[in-house]
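> sequence and computational prediction follow.
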Amino acid sequence: KGSGGFLATSRSDSIFVSSSKFSKNKTNGSGGAIAAYSAVLQIESSAFSYNKSYSKGGAVSISYSDSVQGEIFNSYSSEYINNKSLDRDGGAVNIEVYNSGPPSAKIKDCFFYNNKCLDRGGAGHLRGVNLEVESSTFLSNGAGSKAGALYLNVVETDIHKSTFVNNFGGSANSVQYSVGNISLTNSTFIGGDSITHGVHIGPYLGYWGGNAYLEGCILINNGNLATYSDPSLWTSGGYNVFSDNPPFSGTSDHVNVDHLTINLMPLGNYGGLTPTMPPMSTSPAYNAGNAMDMSLAQNGPIFGIREIGAAESRVISADTSVVCGPITWWGNTYTQAGTYTDTAYNANGTLDSTGVLVRTEINDSATNKNPYIVALEQSVGTTYHVIDCNNPLVTLTGATDSIDQPTTNGTYAVIISFDGCVGTSKCGV
């Protein structure tokens with residue numbers, strides 16, 4: 001009847017949850033699966049599904065009224081699916097800290113899908129903490145009042161290389177932010193039901209004070225355009241794609257890009273630990289990010305110029321090499337002409353990229369087509385020099401074509417040069 005459908009703890013030093021599943025737990029209080037009061041909670045490689053609370057935190061709820069510093073919540077490589085707060089806030093996660101701190105919370109490599117709440121924060125409701133969200137995906141979470149994905153009444157927020165898709169809420173589809181400063185970098189915000197303001201961020205940013213920074217983000221709405229309560233509080237670091245034309249946009253931003261022309265791949269597994277939506281080659285976000293930023297994307301490493309948004313497009317790398325000897329490519333050494341393929345995988349075994357190497361060698365053969373000598377290497381840019389095998393240090397004057405007719409009888413060979421490689425045919429042609 002109290003809080004914590006599976007586990008409730010008060011003033012514990014630390015709770016560590018690893019490789020566990022919590023399903024169909026429920027409580028009349030807070031924390032459908034776990035409720036922690038004045039305790040540090042760490043979650044790793046675990047799954048929460050179909051848990052319910054009639055108060056706050058459909059899956060997990062943490063509350064502090066004591067003085068606390070440091071990290072009080074982290075969730076790594078975990079998933080939250082179909083959890084519900086039937087009467088209050090935080091469809092999956094609720095964190096509230098009063099009269100303290102601020103402590104910190106971190107969400108990394110997590111997947112939030114179809115979590116719901118009656119009031120604020122379909123995926124999460126956080127108050128009084130510093131929050132970092134990294135490489136996580138929020139899909140189809142919903143709130144009856146505010147913020148389909150995250151409702152943040154926090155001090156500092158850093159969201160980077162994360163994906164928000166089709167979340168819906170009364171006054172903000174993805175993130176609603178009330179206090180402090182927020183930084184959004186290399187992240188993707190797509191769609192959501194067109195409800196009231198149809199906003200991605202806000203609209204209450206700046207109502208209590210604070211600033212917002214955007215860089216390398218995609219913000220595309222299927223319905224009404226994003227709105228900003230006080231544009232003077234927003235700063236663009238560039239390399240964003242907007243569905244509207246905000247007054248704070250910069251010269252490297254793309255504006256007035258709608259959901260039909262953004263051209264992203266469907267949400268899926270394109271590397272990394274969480275689903276993403278990489279840009280297609282026809283997207284304005286493709287190869288349009290900050291060329292100096294080589295930090296990892298949500299789904300893995302950057303190849304060439306990074307894409308705008310959370311995800312990097314999968315790469316097929318093709319190399320054609322004419323070599324004179326062994327060549328080392330992707331960690332392997334090849335000595336024979338041929339076509340070779342190799343693949344690179346992410347830490348979790350998913351495909352990152354595919355490479356194709358075409359290794360060719362110079363053809364140093366020549367034939368005698370009496371009265372002509374014919375070199376078989378015909379690549380554009382090849383040079384030829386016919387030599388007398390009885391005096392190989394001397395080339396025949398004017399004998400620089402792939403087909404040559406010596407003026408006297410003798411034994412000849414051809415020195416063939418192409419792309420830095422040099423070969424000599426056998427004598428006797």
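The structure has been received and is ready for your questions. Predicted, not measured: the structure shown is a model, and the values here were computed from it. Residues are numbered from 1 along each chain as shown.

> shaky segments in the chain?
1-2, 100-101, 171-173, 177-179, 192-210, 222-230, 315-324, 345-353, 392-394, 429 (pLDDT under 70).

> pull the longest strand from it.
strand 351-360 (DSSP state E).

> which strands or helices does the helix or strand following it pack on?
For strand 351-360, the succeeding helix or strand toward the C-terminus, using DSSP states H and E, is strand 366-369. Contact here means 3 or more C-beta pairs under 8 Å, 6 or more residues apart in numbering; DSSP states H and E; on that basis strand 366-369 packs against strand 372-375, strand 412-418. Bear in mind the C-beta positions are built from the backbone N, C-alpha and C, glycine included.

> pairing partners for the first one, with directions?
This means strand 372-375. strand 366-369 (antiparallel), strand 403-404 (antiparallel) (DSSP bridges).

> now do the shortest one: distance to the chain's middle.
Between the centre of strand 403-404 and the centre of its host chain there is 56 Å, according to C-alpha atoms, centre = their mean, to the nearest Å.

> doesn't residue 232 belong to a helix?
Yes - read with DSSP: H, G, I helix; E, B strand; the rest coil, residue 232 is one of the residues of a helix.

> what is the neighbour count of it?
10 (other C-beta atoms under 10 Å).

> quick one: contacts for it?
The contact partners of residue 232, taken as C-beta atoms under 8 Å, 6 or more residues apart in numbering, are residue 248.

> roughly how far apart are it and residue 124?
28 Å (C-beta to C-beta, to the nearest Å).

> are we agreed that residue 428 is in a helix?
No - Residue 428: not assigned to a helix; according to three-state DSSP it is coil.

> re the thing from before, among the helices and strands packed on strand 366-369, which is nearest residue 260?
Residue 260 lies closest to strand 412-418 among these, at 48.2 Å (C-beta to C-beta).

> report the inter-axis angle for that closest one versus strand 351-360.
Counting by axes from the mean of the first three to the mean of the last three C-alpha atoms, to 10 degrees, strand 412-418 lies at 150 degrees to strand 351-360.

> contacting residues around strand 412-418?
Counting by C-beta under 8 Å, 6+ apart, 322, 362-364, 366, 373, 375, 377, 379, 381-389, 392, 395-396, 404, 406, 422-429 sit against strand 412-418.

> what's the next helix or strand after it packed up against?
Sequence-wise, the next helix or strand downstream of strand 412-418 (DSSP H and E) is strand 421-424. Here strand 421-424 touches strand 412-418, going by 3+ C-beta pairs under 8 Å, 6+ apart.

> again, 10 Å this time
strand 383-388, strand 412-418 (3 or more C-beta pairs under 10 Å, 6 or more residues apart in numbering; DSSP states H and E).

> and the last one, how far from the chain's centre?
Read it as strand 412-418. That offset, for strand 412-418, works out to 50 Å (C-alpha atoms, centre = their mean).
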